[in-house]
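A.B. asks: pasting the sequence and the predicted model now:
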Amino acid sequence: MSADVLAANTRRVRDGREFRGKTCLIWTGSADSKGAPRYWDSSVYEEGARNSGHINVRRWVVAQVCDLADDEVAVVMCGNSLCLERDHLQRLTKAQAANRRNVKRRKEYAAEEIVEAIRAIIPPNYTENAGDIMKIHEILWGTPHPDKENQ
Ligand SMILES: [Zn+2]
């Protein structure tokens, strides 16, 4: 793995959404089973060794600017698993990364529950009803709609 390999296998997103002031730098090479950038480097291959020769490119990018301990991982923060923009990657301990995944999962679960609750109020053939808007207000904000309180 080298800076030349990185440059040859990435493309900068043009006119895309910025994260931390920069657009994503997308890996165009192969990916591992989790969708993370992976590079085959024959110079580090050892016959019989597990996962030998495979470079975790995200980890490699972070390791160019800071040391990564065995219990530390390079995590992509922009939500794009193929992104290798240095400012979109962050060094975390495995415990911090696991905690971040759990928080993300809880937020996704809460979002799904909200969507389900709103779908129950507004079916596909919905026609407008002011009382329903008040119910949605309660779901979103956890408090009765001001108009309802004043009745
Ligand atoms: Zn990114």
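C.D. replies: Nice, thanks for sending it over. Quick caveat, the model's predicted, so the values are computed rather than measured. Numbering: from 1, shown residues only.

A.B. asks: show me what contacts the residue most central in space within the chain?
C.D. replies: Taking Cα atoms, centre = their mean, the centroid of the chain lies closest to residue 79, which sits 2.5 Å from it. By Cβ atoms under 8 Å, 6 or more residues apart in numbering, the residues touching residue 79 are residue 19. Yep, even glycine has a C-beta here, placed from its N, CA and C like the rest.

A.B. asks: over to residue 143?
C.D. replies: residue 137.

A.B. asks: who are the packing partners of the helix or strand bottoming out on mean pLDDT in the chain?
C.D. replies: Counting by mean pLDDT, DSSP states H and E, the chain has its least confident helix or strand at helix 146-149, which shows a mean of 76. On a contact count with 3 or more Cβ pairs under 8 Å, 6 or more residues apart in numbering; DSSP states H and E, helix 146-149 meets no helix or strand.

A.B. asks: could you dump that helix to PDB, C-alpha only?
C.D. replies: Presented in PDB, the C-alpha positions along helix 146-149 are these (Å, rounded to 0.1, in the frame of the first residue of the first chain):
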ATOM      1  CA  PRO A 146     -50.700  24.000  21.700                       C
ATOM      2  CA  ASP A 147     -54.100  24.300  20.100                       C
ATOM      3  CA  LYS A 148     -55.200  21.100  21.900                       C
ATOM      4  CA  GLU A 149     -54.100  22.500  25.300                       C
END
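
A.B. asks: for that helix, give me every contacting residue.
C.D. replies: Contacts for helix 146-149 (Cβ under 8 Å, 6+ apart): residue 134.

A.B. asks: could you find the closest non-adjacent residue to residue 73?
C.D. replies: Distance criterion Cβ to Cβ, 6 or more residues apart in numbering; nearest residue to residue 73, sequence neighbours excluded, is residue 97 at 5.1 Å.

A.B. asks: that neighbour belongs to a helix?
C.D. replies: Yes. Using DSSP: H, G, I helix; E, B strand; the rest coil, the secondary structure at residue 97 is a helix.

A.B. asks: distance-wise, check the residue nearest to the centre of the chain relative to residue 108.
C.D. replies: According to Cβ to Cβ, to the nearest Å, residue 79 stands 12 Å off from residue 108.
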